[in-house]
Every structure is written in C-alpha cells, then in structure tokens.
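J.: The sequence and its predicted three-dimensional model are supplied below.
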Amino acid sequence: MKMKAFKNIGIVLSGGGFKGVAHIGVIHALEEAGITVDFVSGTSAGAIVGSLYAGGYSPEEIKNFFTKTPLFKLNRFSRKKAGFLDSEKFYNDLLTYFPENSFESLHKKLFVTATNLIEGTTKVFNTGKLIKPLLASAAFPGVFTPVTINNELYADGGILDNFPVSPLKKHCDLIIGVDVSPIRKPKISDFKHSYNVMQRAYYLRAMPNAEVKFNLCDIIIQPKKLVNHGIFSSSSLDKIYDLGYQEAKLQLGLFLKNQEG
C-alpha cells in the first residue's frame, strides 16, 4: 500500500479517554501500509497519542504509555482544586517522553486543541512548550483539574471540538479522520456512577460537533464496536487497540481500491 500521489498527509485524532488506544492501532496499520503522515491534529486522548506519534515513538511504545501511567494512584489526587485528579502531577510522565518539552523538537507537525474556560473558545497550540498544552487538552472536566497557561485557564479540547480537523485543512491534500467516540443510546441502568453521567454529557456535546466535520476528511476510521467500551475503563486496552487496527486496515484498503479504480 502506497500513497505517493499525496504530498502532505494529515491525521485528526479525536478525544475518547482510554478508547484513544484505538488510535494507536490505527497508527500501527498506517505504518504497516507504508503510509507516512506529515501533520497530526489531536484533542484530549488524541492529543496524547498524536504527540507521542509525532515524537517518533512506535505504536508499542505509545501503548506502553497508556498501560504504565497509573491514573488513580493516591499521589495523583488533587487537593483544593477543581477536579479529582491533579493534571500537573502527570507532567513528569510526559517529560520522560519529551525531555525537550517543545513542539519544535517533534518529527511531525503537531496541533493540540484545548478549551479556554474563561473565554469559551478553542485554542490551538502548535509552537513553544508542549507538555502543558497536552495536559490541558486531556483535562476531562470534573475529573482532571484545569491547567493554567500564560494566565489563561484551559480544559479538555473535546468540550468544544472533539474532532479538530480545521488546523489540517490548509496544509494537507489528504486527511485521515479517526473518531474513537461512536455513540449509542444508553439504558437507565448504565448510569451507576457520576462519571457515567459526565461521559454521557460529553458525548451529547461532542458527537454532533464531530460528525458534521467527517466530510472534511478523505478517509474516516470509526470503530463502531468502541461503543461497548468506556472512557475511563482501562481493562480492555488490547481489544481496543485491535479494533482501531482492524478498522484502519479495512478503510485504508477500501480507499486504495477506489483510487486504483
């Protein structure tokens, strides 16, 4: 599989908590197919995966970040801050992977989106310091504390834009969209915990917002079976990875077949 006809290939990676591991399976399929991505745009979990991908890490190394970075350890909990988990306490985990802490040190051009909580706007970060924008982009409201950057307060990029394709439009002649937040109608019995309510609220806001942008992409990869997995569930990461990998192989194959036809 080759896509030599395209000068600049971009990929957009949606938010979705632990379902973001499906993005890594997609990257595995792209590399296996010999497809080189030049530009990456991501939000929330997609920003974390996208940054590691842009930093030159292999799918196996990226997956290790998710399996070996504990979320709910006692020393991660916040004190007198607006969230259960202190986003700043994940700084050193990322610094291990990004010792230079800059967008400029990455191998691919990266765009990371976060939500400015005061202004109610989406902010796109693509230059300068890297780690704080990543923490801000992944600061799921109510769970992770917001992050202060240049005296502005930021939280999860998915609040306003869970599918940040816009930064890629002027740079790329082929855009691959990966959405790991397909939605299904829940049952009343699904709402057992506060995070189930937060997850549902997030989906109701994010999904219509995302799907209207799918037509801006040349290839859409959306593993439908991810509806069976939760944002905060880390129990089936291998299965989630494989769902991304298999769906990417299918959609890339269909696209290339159409190109040849």
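T.: Perfect, I can see it now.
J.: How far does stretch 111-126 stretch from one end to the other?
T.: The straight-line separation of the ends of stretch 111-126 (Cα to Cα, to the nearest Å) is 5 Å.
J.: Now tell me what touches that stretch from outside.
T.: Here stretch 111-126 makes contact (Cβ atoms under 8 Å, 6 or more residues apart in numbering) with 39-43, 47, 50-51, 103, 109-110, 130, 133-134, 136-137, 139, 146-147, 152-157, 159-161, 164, 167-168. For the C-beta atoms, the positions are set from N, CA and C on the backbone; glycine is no exception.
J.: Now go through these and say which are in helices.
T.: 47, 50-51, 133-134, 136-137 (DSSP state H).
J.: ok, Leu174 - how many residues close by?
T.: 20 (other Cβ atoms under 10 Å).
J.: and it, how far is that from Ile118?
T.: Distance, Leu174 to Ile118, by Cβ to Cβ, to the nearest Å: 36 Å.
J.: can you check Ile48 too?
T.: Ile48 sits at a distance of 24 Å from Ile118 (criterion: Cβ to Cβ).
J.: neighbour count winner among those two?
T.: More neighbours surround Ile48 than the other of Ile48 and Ile118, with 27 against 10 (other Cβ under 10 Å).
J.: my guess is that one contacts Tyr57, does it?
T.: No. Taking contacts as Cβ atoms under 8 Å, Ile48 lies outside contact range of Tyr57: 11.2 Å.
J.: Now do the shared contacts for the two.
T.: Phe65.
J.: Now do the contacts for the residue nearest to Ser137 when sequence neighbours are not counted.
T.: In space, and not counting its chain neighbours, Ser137 is closest to Ala47: 4.0 Å by Cβ to Cβ, 6 or more residues apart in numbering. Contact analysis of Ala47 by Cβ under 8 Å, 6+ apart lists 13, 15, 112-113, 133-134, 137-138, 157.
J.: Please apply the same query to Ile9.
T.: Residues in contact with Ile9 (Cβ under 8 Å, 6+ apart) are 3, 35-39, 172-176.
J.: Distance from stretch 110-119 to the middle of the chain?
T.: Relative to its parent chain, stretch 110-119 has a centroid offset of 13 Å by Cα atoms, centre = their mean, to the nearest Å.
J.: Would you map the strands across the protein?
T.: Secondary structure of the chain (DSSP state E): strands located at 9-13, 39-43, 109-116, 121-125, 147-149, 152-156, 174-178, 219-221.
J.: so where's the chain uncertain?
T.: Along the chain, the model assigns pLDDT under 70 to residues 1-4, 70-75, 184, 195, 202-203, 205-209, 232, 234, 261.
J.: run the last query once more with 80
T.: Applying pLDDT under 80 to the chain flags the ranges 1-5, 70-80, 82-84, 183-187, 189-211, 230-235, 259-261.
J.: Pick out the residue closest to the middle of it.
T.: Residue closest to the average C-alpha location in the chain (Cα atoms, centre = their mean): Gly46, at 0.9 Å.
J.: Could you pull up the residues touching the residue nearest to that one when sequence neighbours are not counted?
T.: The shortest distance from Gly46 to any non-neighbouring residue, by Cβ to Cβ, 6+ apart, is to Leu13 (3.0 Å). Neighbouring residues of Leu13 by Cβ under 8 Å, 6+ apart: 20, 23, 40-43, 45-47, 49-50, 178, 180.
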